[in-house]
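Q: Just a sequence and a predicted model for now, questions to come.
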Amino acid sequence: MNPNVEPGAMGMAQLLTQNSGLGLVPLVLLILMSMGTLYYLLFKCWVAWQEKRRSRAYLKGFWQCPDLEAVAGQLASGANEAYGRLCAAALGAARQAQQAEGRLLLGSGEEFVLRALRHAISRERLRLEAGLTFLASVGSAAPFVGLFGTVWGIYHALLAIGASGQSSLDKVAGPVGEALVMTGFGLAVALPAVLIYNLFVRLNRLKMASLEGFAHDLHALLTTGGRQSQEVR
């Protein structure tokens, strides 16, 4: 840090020109974290919109199917979304249970289908939670990365001030104030990541509740033949 800084020259540009080496590492990390958070937000919003559109179309056709053969035909035409994958797992398990009739070592065919539905729901939960670890890591680590940049900047600012022999307030305030920019930058990166994380956790919880409700209806349809329509959230 240069202690001979004009007040008008303070800011991010001065911080970049006066920093080098390890002092720029926190800044680069924070920029990468911010870009990753923005990419995740845009990507997940696009995927969620596409998934919701396909899910509405699939459920509308599913509850209009007169029998399980029609449901299987709907799956054969392609159903690349959560409800279709859940239905495919349940129908596959039901067919296996029928083929293994009388040869199941533990439980009945109904329990076999139930286990398949639970495994399918677990896979959908893992798919929905993909990327949340990154957001949680950014939200928790970004303030500390910014704080490290501030500590490093203040350390070098004090070294430069001590070497120049000028310790007046106007000489100290500029370099130290520039170093504090890194702490603010770290907080500015962490706050959106935390808010986006909480948003997707909430959306995932609603999606999983809808999937579990569909799984109960599907289980009842396969075991008793009864059905109850369900809306996509």
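A: Arrived safely.

Q: where does Glu212 land on pLDDT?
A: Per-residue pLDDT puts Glu212 at 86.

Q: distance of it from Phe112?
A: Distance of Glu212 to Phe112, given as C-beta to C-beta, to the nearest Å: 19 Å. Using the backbone N, CA and C atoms, a C-beta is placed for each residue, glycine as well.

Q: quick one: the helices in the chain?
A: 12-18, 25-62, 68-76, 82-99, 109-128, 132-164, 169-224 (DSSP state H).

Q: and the angle from the second one to helix 82-99?
A: Going by axes from the mean of the first three to the mean of the last three C-alpha atoms, to 10 degrees, helix 25-62 is angled at 60 degrees with respect to helix 82-99.

Q: And helix 25-62, what's buried?
A: Of the residues in helix 25-62, 26-27, 29-30, 33-34, 36-37, 40-41, 44, 51-52, 54-55, 58-59, 62 count as buried by neighbour count, 16 or more other C-beta atoms under 10 Å.

Q: Please apply the same query to the fourth one.
A: Along helix 82-99, the positions that meet the burial threshold by neighbour count (16+ other C-beta under 10 Å) are 82-91, 93-94, 97.

Q: Let me have the residues you listed in TSV, extended by distance to Ala188.
A: Below are the buried residues of helix 82-99 laid out as TSV (distance: C-beta to C-beta, whole Å):
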residue	distance to Ala188
Ala82	34
Tyr83	39
Gly84	41
Arg85	39
Leu86	40
Cys87	44
Ala88	44
Ala89	43
Ala90	46
Leu91	49
Ala93	49
Ala94	52
Ala97	55
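
Q: Output these in TSV; the columns should cover pLDDT and distance to Leu126.
A: Putting the buried residues of helix 82-99 into TSV (pLDDT from 0 to 100; distance: C-beta to C-beta, whole Å) gives the following:
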residue	pLDDT	distance to Leu126
Ala82	82	12
Tyr83	84	17
Gly84	81	17
Arg85	84	12
Leu86	83	14
Cys87	82	18
Ala88	81	17
Ala89	82	14
Ala90	80	18
Leu91	80	21
Ala93	78	19
Ala94	75	23
Ala97	70	25
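
Q: Show the backbone phi and psi for Ala130.
A: In terms of degrees, to the nearest 10, the main-chain angles of Ala130 are phi -60, psi 130.

Q: Distance of it relative to Glu124?
A: From Ala130 to Glu124 the distance is 11 Å (C-beta to C-beta).

Q: Neighbour count for these two, which is higher?
A: Glu124 (22 against 11; other C-beta atoms under 10 Å).

Q: How about the more buried one: what's its closest non-neighbour residue?
A: Leaving aside its chain neighbours, Glu124 sits nearest to Ala82 (5.1 Å; criterion: C-beta to C-beta, 6 or more residues apart in numbering).
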